[in-house]
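> heads up, no residue letters with this:
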């Protein structure tokens, strides 16, 4: 598999967006294309309370779908690569579950949740967090209920049969 290629501008936008992570309600005035896009990305991904001037907020609305999809795909690829390099690190799997939950990817979420269940034996903080997020993604899935276990036929497959 080849590594994904990102332009320097895309990497700078993502890195610069971290400058406003969890800063709360502050005014971001990005002067220049990359800082403005970074502020928009930060507002969409990590700091929804970030304030922007009217023109920047307008651009933010127009670019919302593009950035959200790019950001999620980028995070997913990075986490999958990290998971391949560090298969025993449960935190990486939990972060990837967050990506699937945000995207409402119930099939991908369930497949990874089953792997996490098998690695944790359904115990520990990582599994509890996965169950909690799973309830928000697919509340009807018994895997995410207290004491839930993987079934022999995943619920996402059963739903496709009906």
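Okay, I see it. Not measured: the values here are computed from a predicted model.
> element containing the residue nearest in space to the middle of the chain?
Among the residues of the chain, the one closest to the centroid is residue 99, at 2.3 Å (C-alpha atoms, centre = their mean). Per DSSP states H and E, residue 99 falls inside helix 90-103.
> who touches the following helix or strand past that helix?
Per DSSP H and E, helix 90-103 leads on to helix 106-120 as the next helix or strand towards the C-terminus. Here helix 106-120 makes contact (C-beta atoms under 8 Å, 6 or more residues apart in numbering) with 88, 90, 93-94, 96-97, 100-101, 126-127, 130, 133-134, 137-138, 141, 143-144, 149-150, 154-156. Using the backbone N, CA and C atoms, a C-beta is placed for each residue, glycine as well.
> what helix or strand is the spatially closest residue to residue 10 that is not a sequence neighbour on?
In space, and not counting its chain neighbours, residue 10 is closest to residue 70: 7.6 Å by C-beta to C-beta, 6 or more residues apart in numbering. If you go by DSSP H and E, residue 70 is part of helix 54-85.
> what mean pLDDT does that helix have?
Averaged over helix 54-85, pLDDT sits at 75.
> how far away is the nearest residue to residue 146 once chain neighbours are set aside from residue 95?
Counting by C-beta to C-beta, 6+ apart, residue 146 lies nearest to residue 131, which is 7.6 Å off, once chain neighbours are set aside. Residue 131 sits 16 Å away from residue 95, going by C-beta to C-beta, to the nearest Å.
> got any ranges where this structure has weak pLDDT?
For the chain, the stretches with pLDDT under 70 are 1-4, 30, 53-65, 153-162.
> which of the contacts of helix 106-120 are buried?
Neighbour counting with 16 or more other C-beta atoms under 10 Å marks 90, 93-94, 96-97, 100-101, 126-127, 130, 133-134, 137-138, 141, 143-144, 150, 154-156 as buried within those.
> correct me, but the residue nearest to the centre of the chain touches residue 80?
No: using C-beta atoms under 8 Å, residue 99 makes no contact with residue 80, being 9.6 Å away.
> residues contacting residue 68?
Neighbours of residue 68 in contact, by C-beta under 8 Å, 6+ apart: 44, 45.
> okay, domains of this protein per the record?
Per automatic domain parsing, the structural domains of the chain span 1-71, 86-162.
> just how off-centre is the longest one within its chain?
What it means is domain 86-162. With C-alpha atoms, centre = their mean, to the nearest Å as the basis, domain 86-162 stands 14 Å off its chain's centre.
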